[in-house]
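J.: Any chance you could fold what I've pasted below:
(one chain, ligands or ions: 2)
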Amino acid sequence: MKSVEIARIFRDIAKILEIKGENVFRVRAYERAAQSVEDLPNLLEKYIKEDRLQEIPGIGKELAERIKEYSATGKIKLFEDLKKTIPPGLLELLRIPSVGPKTAKLLFDRLKIKSIASLEKAIQAKKLIGLAGIKERTIENIQKGIAIVKRGQERMTLAQATATAQEFIEPLEKLPEVKRISTGGSLRRRKETVRDVDILIASDKPRDIMHSFVNLPMVRDVTAEGKTKASVRTKNDSQIDCRVVEDRSFGAALMYFTGSKEFNIKIRQLAIKKALKINEYGVFRKDKFICGRTEKEVFKILGLSFIPPELRENSGEIELSLKNKLPKLVTLNDIKGDLHSHSTWSDGNNTIEEMAQAAIKLGYSYIAITDHSQSLKIANGLTPAELKKKKAEIERINKKLKNFRILYGTEVDIDSRGKTDYPDKILAEFDIVIGAIHTGFKQSRAQITKRLVSACKNKFVNIIAHPTGRLWGVREAFDLDIDEIFKAASGTKTCLEINSYPQRLDLNDINCRRAKELGVRISIGTDSHTAQQLQSMQLGVSVARRGWLTSKNIINALPLEKLFKSIRK
Ligand code: DGT
Ligand code: CA
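T.: Ligands and ions are numbered 1, 2, ... in the order given. Take a look at the predicted model:
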């Protein structure tokens, strides 16, 4: 569906309104709506048809009309009109982190810079030096920002790739010629970012499938089309590759196209040792086809136990699989609750009760409502007086609920010196406390490390949220000594978070594996600001699996009583 496109347009509208100095609430409304629409990749169409758009949090009458307009005409007139009021290219410049409306306008007015490419040229020609407010440091930051934007454009987030793949798989799997269908590549390995989406199909009628694939409505260009494979670009500029194989080869092909390349090379060597040949068509002895229908049979003939796609990176998994000693990776089913969420008390879109009901629907036994603390005014952080009322509300709702508990929590800000935004006396009142950094990202490596270490040492801080601060396509991880944090966390029984928010996925897979080695326990939290977002738990679980984590490493795989015991310091 068009949710990704609509979200992008809403964000652009917000940016233009901001440049024009419009009412900040209108700007925020468009940003919020973008997020809400993005949360509903599969449902938006249904909501349009049933005329229920206004049930989506953050979508009022005006925004519902805009969505319907886009759905009917492929355009939003307001956006087309707004674009005409600013110099072309200014929007592209605004995608660069550290380039705000003022700088973008300055660059355009003084140097006629209209695109990232022309900005890069101007920097090389040293034309920015001497402009008002532009220092050496500013230019460095712009260059770093350009690199981040470019990388963000090259690769989709896992969430975008998953939604994009779903848009293709849904219509394709309905075709009678399709016997089996699966994603492959980095998407199936659940990497945090994906360059192109690979789809594999088993069928006797590859030509029919190719025809249907390249003619799907979300396709913009067909970049390659053969008898059994084709590549297309979507209207959102994502690349999708589709291949068709015979049913008897599906398992072998799935293994080949899932990769990774390094994994495939090692597998091929293993086959050679057994006098077998393996490729995308099957496993062969001399030229005789031995097997290939399922991945399971292919692994078996090589003497391997099944290796989950998330582990296929040739980083020790093949050796362990030969000994049948792979870890039993955590699954979404193991998760008993969500320990990071926001309600209307701070900057969330749903009430505590709505968040709890959504968590119950997911089969959870608890949810922590961890609204922001007082100094984070931009996110409507809670004062001590408001906290009292919030606590009372949670107690009132908890009385009505059976076999489910709302935990009274906070995401407490850790200030630039490592102090928590609430005193210990208030922190002691919470069921669960998450510590997080939201400001002062430009501090030195030593300073940021020290801040997080002192947060770990606070007796009342149970979890450190999004420990490295990375925001995909927006900002790199802070410069910090992650091993120092791991040591402090493990020594103080503090848990670290895998934040499942699509642009964060922080800790990442590599850091998770390291954390496990050092005995650090992990909380997978969604950081949901809407009830819908609770579903992104799946993304955090994927990161955990890529980090070799089992349910034993994850605190929110524990039932409530055990969770309480285990987080107490
Ligand atoms: P991406 O798209 O950059 O996020 O990462 P992948 O892993 O999806 O890479 P892609 O789309 O180029 O190829 C899909 C799979 O096909 C890859 O994981 C392994 C297999 N493959 C591609 N090229 C080669 C190759 O040169 N040798 C071997 N052995 N396998 C390959
Ligand atoms: Ca790929």
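J.: Quick one: residues contacting Thr138.
T.: The contact partners of Thr138, by Cβ atoms under 8 Å, 6 or more residues apart in numbering, come to 98, 103, 128. Backbone N, C-alpha and C define where each C-beta goes, glycine included.
J.: Give me the phi and psi for Ile13.
T.: phi -60, psi -50 (degrees, to the nearest 10).
J.: Where does the residue nearest to it when sequence neighbours are not counted sit: helix, strand or coil?
T.: Leaving aside its chain neighbours, Ile13 sits nearest to Tyr30 (4.9 Å; criterion: Cβ to Cβ, 6 or more residues apart in numbering). When classified by DSSP: H, G, I helix; E, B strand; the rest coil, Tyr30 comes out as helix.
J.: if I read this right, Tyr30 contacts Ile16, doesn't it?
T.: No - contact criterion Cβ atoms under 8 Å: Tyr30 and Ile16 do not qualify, at 9.4 Å.
J.: Against Glu395, how distant is the residue nearest to Thr383 when sequence neighbours are not counted?
T.: The shortest distance from Thr383 to any non-neighbouring residue, by Cβ to Cβ, 6+ apart, is to Gln374 (5.1 Å). Relative to Glu395, Gln374 is positioned 21 Å away (Cβ to Cβ, to the nearest Å).
J.: and what of Asp287?
T.: Here Asp287 is placed at a distance of 72 Å from Glu395 (Cβ to Cβ).
J.: ditto for Thr258
T.: 49 Å.
J.: Over to Glu411?
T.: Noted for Glu411: a distance of 20 Å to Glu395, by Cβ to Cβ.
J.: More neighbours: which of those two?
T.: Neighbours of Glu411 and Glu395, each counted by other Cβ atoms under 10 Å, are more numerous for Glu411; the result is 28 against 11.
J.: give me the number of residues near Ala392?
T.: Using other Cβ under 10 Å, Ala392 has 11 other residues around it.
J.: Report the separation between it and ligand 2.
T.: 51 Å (Cβ to the ion, to the nearest Å).
J.: list the contacts for that residue?
T.: Contact criterion Cβ under 8 Å, 6+ apart gives no residues in contact with Ala392.
J.: where does it fall, phi/psi-wise?
T.: Note on Ala392: backbone dihedrals following degrees, to the nearest 10 are phi -60, psi -40.
J.: got a pLDDT number for it?
T.: Looking at Ala392, its pLDDT is 98.
J.: circling back: so between Tyr30 and Ile16, which is more surrounded?
T.: A direct count of neighbours by other Cβ under 10 Å for Tyr30 and Ile16 places Tyr30 higher, at 25 against 22.
J.: Please report the distance of that one from ligand 2.
T.: Between Tyr30 and ligand 2 the distance is 32 Å, computed by Cβ to the ion.
J.: ok, now which ones touch that residue?
T.: Taking Cβ under 8 Å, 6+ apart, one finds 10-11, 13-14, 17, 63 in contact with Tyr30.
J.: For those, which single residue is the most surrounded?
T.: When neighbours are taken as other Cβ under 10 Å, the top entry among the contacts of Tyr30 is Phe10 (27 neighbours).
J.: dump the residue contacts of that one.
T.: Per Cβ under 8 Å, 6+ apart, neighbours of Phe10: 30-31, 33-34, 37, 63, 66.
J.: one more time with 10 Å
T.: 29-38, 58, 63, 66-67, 70, 76, 79 (Cβ atoms under 10 Å, 6 or more residues apart in numbering).
J.: Could you do Leu560 as well?
T.: Neighbouring residues of Leu560 by Cβ under 10 Å, 6+ apart: 336-337, 365-366, 403-405, 407, 431.
J.: got a winner among those for most neighbours?
T.: Among the contacts of Leu560, Gly337 has the most neighbours (other Cβ under 10 Å), with 27 neighbours.
J.: Would you confirm that that one contacts Arg405?
T.: Yes - with contact defined as Cβ atoms under 10 Å, Gly337 reaches Arg405; the gap is 8.4 Å.
J.: Quick check: neighbours shared by those two?
T.: Here Gly337 and Arg405 share the contacting residues 364-368, 560, 563, scored by Cβ under 10 Å, 6+ apart.
J.: Which one of those is nearest to ligand 2?
T.: For these, the residue nearest ligand 2 by Cβ to the ion is Tyr364; the value is 32.8 Å.
J.: The closest one - that's part of a strand, no?
T.: No - checked against three-state DSSP, Tyr364 lies outside a strand; its state is coil.
J.: contacting residues around it?
T.: Tyr364 sits next to 335-338, 356, 358, 404-405, 534, 537, 556 when contact means Cβ under 10 Å, 6+ apart.
J.: Same list (the residues you listed) but as CSV, adding distance to Asp481, secondary structure and pLDDT.
T.: CSV is the format used below for the contacts of Tyr364 (distance: Cβ to Cβ, whole Å; DSSP: H, G, I helix; E, B strand; the rest coil; pLDDT from 0 to 100):
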residue, distance to Asp481, secondary structure, pLDDT
Ile335, 30, coil, 98
Lys336, 32, coil, 98
Gly337, 31, strand, 98
Asp338, 29, strand, 98
Ala356, 38, helix, 98
Ala358, 38, helix, 97
Phe404, 40, coil, 98
Arg405, 37, strand, 98
Leu534, 33, helix, 96
Met537, 29, helix, 98
Asn556, 27, helix, 98
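J.: And those residues, which two are furthest apart?
T.: Greatest spacing in the contacts of Tyr364, by Cβ to Cβ: Arg405 and Met537 (17.6 Å).
J.: Tell me who's in contact with the residue sitting furthest away from the middle of the chain.
T.: Within the chain, the residue lying farthest from the chain centre (Cα atoms, centre = their mean) is Lys286, at 45.0 Å. Applying Cβ under 10 Å, 6+ apart, we find Lys286 in contact with 275-277.
J.: Check it and give its pLDDT.
T.: At Lys286, pLDDT is 93.
J.: measure it to ligand 1 for me?
T.: 22 Å (Cβ to the nearest ligand atom, to the nearest Å).
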